[in-house]
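structure, please.
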Amino acid sequence: MSDRQFIEVRGARENNLKDVALNIPKQQLTVFTGVSGSGKSSLVFDTIAAEAQRQLNETFTFFVQGFLPHYGQPDVDHIAHLNAPIIIDQKRVGGGSRSTVGTYTDIAALLRLLFSRAGRPSAGPAFAYSFNTPQGMCPECEGIGKTVQLDLDKFLDRSKSLNQGAILHPEFKVGKWMWKMYPLSGLFDSDKPIKDYTPEELHALLYGADLRVSFGEISSNYEGLVERFTRMYIKKDAAAMSERNRAVFEQFTTSQTCPTCQGARLNQAALASRINGRNIAELADMEIPALIEFLRALSEPVAARVAAGLIERLQHLVDIGLGYLALSRETATLSGGESQRVKMVRHLGNSLTEMLYILDEPSVGLHARDVERLTSLLLKLRDKGNTVLVVEHDPAIMAIADHIVDLGPRAGTHGGCVVFEGSYAALTQADTLTGRSLQQHLPLKQHPRQPTGWLTIHNASLHNLKQLTVPIPTGVLTVVSGVAGSGKSTLINDVFLAQHPDALVIDQSRVTANSRSVPATYTGIMDDIRQAFAKASGVSAALFSFNSAGSCPNCNGLGVVYTDLAFMAGIAAECEICAGKRFKPEVLEYHLRGKTISDVLDMTAEEALAFFTEKKIRPVIKALNEVGLGYLRLGQPLSTVSGGEGQRLKLATELHKQGSVYVMDEPTTGLHLSDIGLLMGIIDRLVDAQNTVILIEHHLDVIRQADWIIDLGPEGGHAGGEVLFAGPPQQLQHCERSITATFL
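Purely as a prediction, here's the structure:
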């Protein structure tokens with residue numbers, strides 16, 4: 001093979017990589033594996049993908065580059081022979097409430113084309129069938145399908161006056177800018193309770209009056225509370241708000257299906273247009289296999305031609321295990337694994353070759369049966385003449401790889417090296433953590449624990465659940481299994497948690513990754529660390545915060561200074577004043593048992609366990625070590641933490657709490673095979689301490705270790721939503737309808 005048949009990587013040092021040198025074969029499928037935190041993502045995403053994307057972006061003019069995301073130059077000596085990259089990661093598909101599976105995959109565009117050509121009576125061109133254009137959207141809800149109103153009973157305390165805080169929304173608190181308009185308007189007695197207002201005064205407060213209000217030197221038109229709230233919050237897309245703002249928004253509003261379009265999002269002209277008795281909204285609400293069947297029955301030549309293109313795209317959704325979705329499903333409601341597979345659909349239809357496809361754990365959230373389908377899709381991408389790089393823990397995907405790169409030997413500072421390169425067969429014999437783990441499987445639990453009681457879910461009929469009443473045992477480990485779309489998340493995350501809201505939830509949403517979040521702040525021990533320093537030094541605890549009084553004025557406590565280079569990628573350089581320590585020099589004069597606050601933040605959780613004697617801090621640091629994060633530094637930015645590490649960080653944050661019911665959503669996400677034993681050890685300890693643990697999980701080793709299994713199915717979507725089996729694991733193998741049983 002000539003050099004050009006490899007991607008050459010020399011001297012990769014991004015994050016924890018230790019001068020990694022590699023030749024990655026082109027036009028082959030290479031799987032990168034290794035424990036969580038070993039450096040897989042640093043090598044594949046932060047080095048290879050970032051450099052490929054950066055070089056591709058540089059082929060555009062500087063003007064165009066200004067609109068593209070900036071990729072800094074990775075810390076690597078040399079990368080050669082890259083192809084144009086297509087990066088398919090696990091970031092949730094955004095797009096707000098206007099983005100659906102149909103719009104995101106562009107399948108909706110073909111469906112609109114079909115109706116513009118074959119719908120009777122015609123509503124006009126294709127865009128007249130779109131809920132995202134003024135010509136097609138329902139005028140009442142503006143294409144959202146729901147109408148949201150301000151709930152005045154939640155918004156106002158009518159027994160109070162304006163000065164007493166009658167407006168309950170936090171942005172309208174007494175003295176705040178938003179509040180000032182009302183007392184300054186001169187329309188009301190600010191000390192009179194709202195309930196005593198005349199009808200005219202109440203109307204002016206809520207719906208406005210024709211006058212201008214002055215705030216010092218600024219004057220603006222007066223707006224009633226309802227008008228102002230509607231303009232500032234309801235007219236903005238709630239789905240695009242931050243978590244916190246959305247929670248506040250939902251607290252003061254009520255939402256209902258739009259009375260005009262009944263949730264179909266479109267205007268009456270678009271909804272009146274039909275093909276074989278169905279309108280476009282009804283087709284978008286169908287599950288994919290039913291929609292394919294409908295389209296196959298179209299015989300009129302023009303309709304059949306457009307339908308053929310539609311069927312091809314829809315079939316990709318079925319092949320990838322997403323047949324249970326409907327085109328009208330909002331992308332914001334998709335899980336990380338579903339998002340990634342929807343992204344793959346966009347690329348399966350193209351005929352590009354010699355591309356570089358980079359995927360991040362595409363098996364996440366997939367049942368063993370659907371992983372088989374995924375492997376054939378990955379091989380299709382490769383067989384078109386593309387280079388496919390996959391970061392993955394699933395042995396079924398390793399088994400089809402042409403080449404495997406195993407990173408390690410362990411995680412964090414103990415990782416960052418290539419410990420194996422070669423075939424799957426050779427890896428199963430290799431003396432690495434991955435190689436040894438591939439040779440071991442956890443057996444079916446022979447002596448399950450006995451339930452101490454029951455928590456019953458009553459009459460669950462949300463989404464595809466078929467009026468289920470499900471008893472969940474307490475004091476044991478319950479695993480809820482079933483193919484993707486069978487109703488597991490609906491049953492547990494939606495129905496069970498609504499009926500038992502005090503359960504502790506550890507889900508898959510990413511840990512907050514702003515530039516100021518670190519493990520010490522995320523787990524909540526930073527306050528106790530600052531208090532310990534304050535007590536030892538006799539000064540204010542605020543001095544020991546890099547977000548407050550103690551922060552270095554030059555870098556504002558970030559430790560690095562960002563320089564914006566306009567159309568070139570910005571540069572982050574270590575702060576010259578504090579040398580990356582984040583604090584003012586005077587703060588570093590104070591010590592706790594010989595260490596400065598900066599020294600403490602530079603400790604790994606392992607080192608911190610030996611250092612801290614404080615009663616409040618120790619249990620959290622102990623939990624960090626127990627979940628296998630002993631290598632994580634207390635002051636490491638959370639933006640550098642991998643998905644698997646993030647989930648274990650959540651687990652550690654909750655572990656030392658005394659919760660009676662724990663609900664975990666696919667806790668094996670991003671976990672290496674060797675870490676699964678560690679995770680099961682933690683879960684067993686929780687259950688032995690009289691807690692109830694409920695897992696939603698696909699991993700067969702975890703299902704085998706359950707005390708009680710609830711298997712849903714038999715398929716996804718409408719063909720799911722039934723309990724096929726509930727009982728101890730040994731009895732599951734006799735359940736003939738269960739797909740999980742076949743794979744166990």
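
C-alpha only now, for contacts and for neighbours.
Fine.

give me the mean pLDDT for stretch 460-472.
Across stretch 460-472, pLDDT averages out at 94.

swap in stretch 629-644?
Here stretch 629-644 scores 86 as its mean pLDDT.

same deal with stretch 345-361?
Rounded mean pLDDT across stretch 345-361 is 86.

one more: stretch 573-584?
Mean pLDDT, computed over stretch 573-584, is 93.

show me what that stretch is in contact with.
With CA atoms under 8 Å, 6 or more residues apart in numbering as the test, stretch 573-584 has contacts from 544, 546, 550-562, 585, 598.

now it: buried residues?
574-575, 577-578, 580-584 (16 or more other CA atoms under 10 Å).

one more: stretch 465-477?
For stretch 465-477, burial by neighbour count (16+ other CA under 10 Å) applies to 465-466, 468, 470, 472-477.

what about the buried residues of stretch 573-584, which are in strands?
Judged by DSSP state E, the buried residues of stretch 573-584 include Glu574 as members of strands.

a markdown table for the buried residues of stretch 573-584, including distance to Ala290?
Below are those laid out as a markdown table (distance: CA to CA, whole Å):
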| residue | distance to Ala290 |
| --- | --- |
| Glu574 | 58 |
| Cys575 | 60 |
| Ile577 | 65 |
| Cys578 | 63 |
| Gly580 | 59 |
| Lys581 | 60 |
| Arg582 | 58 |
| Phe583 | 61 |
| Lys584 | 65 |
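
want to throw the buried residues of stretch 465-477 into JSON lines with distance to Asp189?
Conversion of the buried residues of stretch 465-477 to JSON lines gives the following (distance: CA to CA, whole Å):
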{"residue": "Leu465", "distance to Asp189": "54"}
{"residue": "Lys466", "distance to Asp189": "56"}
{"residue": "Leu468", "distance to Asp189": "55"}
{"residue": "Val470", "distance to Asp189": "57"}
{"residue": "Ile472", "distance to Asp189": "57"}
{"residue": "Pro473", "distance to Asp189": "59"}
{"residue": "Thr474", "distance to Asp189": "57"}
{"residue": "Gly475", "distance to Asp189": "59"}
{"residue": "Val476", "distance to Asp189": "61"}
{"residue": "Leu477", "distance to Asp189": "61"}
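
and the two most separated of the residues you listed?
Lys466 and Gly475 (26.9 Å; CA to CA).

out of the buried residues of stretch 573-584, the closest to Asp502 would be?
Arg582 (38.1 Å).

so how far is Ile696 from that closest one?
Between Arg582 and Ile696 the computed distance is 40 Å (CA to CA, to the nearest Å).

please apply the same query to Ile683.
Noted for Ile683: a distance of 13 Å to Ile696, by CA to CA.

between those two, which one's more packed in?
Shown here are Ile683 and Ile696; by other CA atoms under 10 Å, Ile696 has more neighbours (25 against 20).

what pLDDT does that one get?
You'll see Ile696 listed with a pLDDT of 96.

before we move on, the earlier item: and of the buried residues of stretch 465-477, the nearest to Leu156?
Lowest distance from Leu156 to those (CA to CA) belongs to Leu465, with 37.9 Å.

all strands of the stretch 601-744 of the chain, in order?
Here the stretch 601-744 of the chain has its strands, by DSSP state E, counting those that start in this stretch, at 661-665, 692-696, 708-713, 722-727.

same question for the stretch 201-350 of the chain.
212-215, 218-221, 253-257.

which one, of those, ends up nearest to Ala123?
Of all the strands of the stretch 201-350 of the chain, it is strand 253-257 that lies closest to Ala123, at 23.5 Å by CA to CA.

same for the closest one, what does it pack against?
Strand 253-257 sits against strand 146-150, with contacts defined as 3 or more CA pairs under 8 Å, 6 or more residues apart in numbering; DSSP states H and E.

contact partners of the strand it packs on?
Strand 146-150 is touched from outside by 140-141, 226, 229-230, 234, 252-258, 263, 265, with contacts defined as CA under 8 Å, 6+ apart.

Arg296 versus Gly102, what's the distance?
On the measure of CA to CA, Gly102 and Arg296 end up 19 Å apart.

higher neighbour count, the two?
Gly102 (20 against 13).

from Ser642, how far off is the more buried one?
30 Å.

equivalent analysis for Gly727, please.
To Ser642, Gly727 is 35 Å away according to CA to CA.

out of these two, which sits in the busier spot?
Remark: of Gly727 and Ser642, Ser642 carries more neighbours, 19 against 15, as counted by other CA under 10 Å.

for that one, give me its contacts.
When contacts are counted by CA under 8 Å, 6+ apart, Ser642 touches 36-37, 41.

of the residues you listed, closest to Ala118?
For the contacts of Ser642, the nearest to Ala118 is Ser41 (48.0 Å; CA to CA).

residue ranges with poor pLDDT in the stretch 551-700 of the chain?
Applying pLDDT under 70 to the stretch 551-700 of the chain picks out residues 565-570, 656.

kindly recompute the last result at 80.
563-572, 642-644, 655-659, 670 (pLDDT under 80).

distance of the residue nearest the centre of the chain from Lys650?
In the chain, the centroid-proximal residue (CA atoms, centre = their mean) is Ser509; its distance is 4.2 Å. The gap separating Ser509 from Lys650 is 10 Å, by CA to CA.
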